[in-house]
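In: build me a structure from this.
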Amino acid sequence: MNTTDKASNFAHEAGEKIASAANQAADALGEKGEQLKNAEQRLMKNCCGYVQDNPVTSLGIAVAAGFLLSRLLSAR
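Out: Residues are numbered from 1 along each chain as shown. Predicted coordinates:
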């Protein structure tokens, strides 16, 4: 086997390792994405339930948050 063949085989093996690592990373990111999506859905469900159970408190929180945001943004 000559040097060119060795270099070609080495490059091919390195490419396969990189592709394998990329696939593993993509799979891990896909799983994390699913977990984040599920967490967001649970949070929205909990938030909607809180608003339905405590409408006056929710309105007060919304007014306070709006007031604070307007003060922060108008100060600039």
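In: for Asn38, the count of nearby residues, please.
Out: 10 (other C-beta atoms under 10 Å). For every residue, glycine as well, the C-beta is placed using N, CA and C.
In: what helix or strand is it located in?
Out: According to DSSP states H and E, Asn38 maps onto helix 3-53.
In: next one: Leu68
Out: Counting by DSSP H and E, Leu68 is part of helix 55-74.
In: quick one: residues contacting Leu58.
Out: Quick fix: residue 58 is Ser, not Leu. 50-51 (C-beta atoms under 8 Å, 6 or more residues apart in numbering).
In: that one and Ala64, how far apart?
Out: 11 Å (C-beta to C-beta, to the nearest Å).
In: same question, Ser70
Out: 11 Å.
In: same question, Asn9
Out: 67 Å.
In: also Thr4?
Out: 72 Å.
In: contacting residues for Ile18?
Out: Contacts of Ile18 (C-beta under 8 Å, 6+ apart): none.
In: Tyr50 too?
Out: Applying C-beta under 8 Å, 6+ apart, the residues near Tyr50 are Ser58.
In: just the pLDDT at it, thanks.
Out: As predicted, Tyr50 sits at a pLDDT of 91.
In: need the nearest residue in space to Val51, chain neighbours excluded.
Out: Ser58 (4.4 Å; C-beta to C-beta, 6 or more residues apart in numbering).
In: so where's this structure shaky on pLDDT?
Out: 1, 76 (pLDDT under 70).
In: hmm, try it at 80
Out: Where the chain drops to pLDDT under 80, the residues are 1-8, 10-12, 75-76.
In: what about Pro55, how many neighbours?
Out: 10.
In: do the same with the one 4 residues further on
Out: By the criterion of other C-beta under 10 Å, Leu59 has 11 neighbours.
In: so how far is Asn9 from it?
Out: From Leu59 to Asn9 the distance is 69 Å (C-beta to C-beta).
In: got it, and Arg42?
Out: In terms of C-beta to C-beta, Arg42 sits 50 Å off from Asn9.
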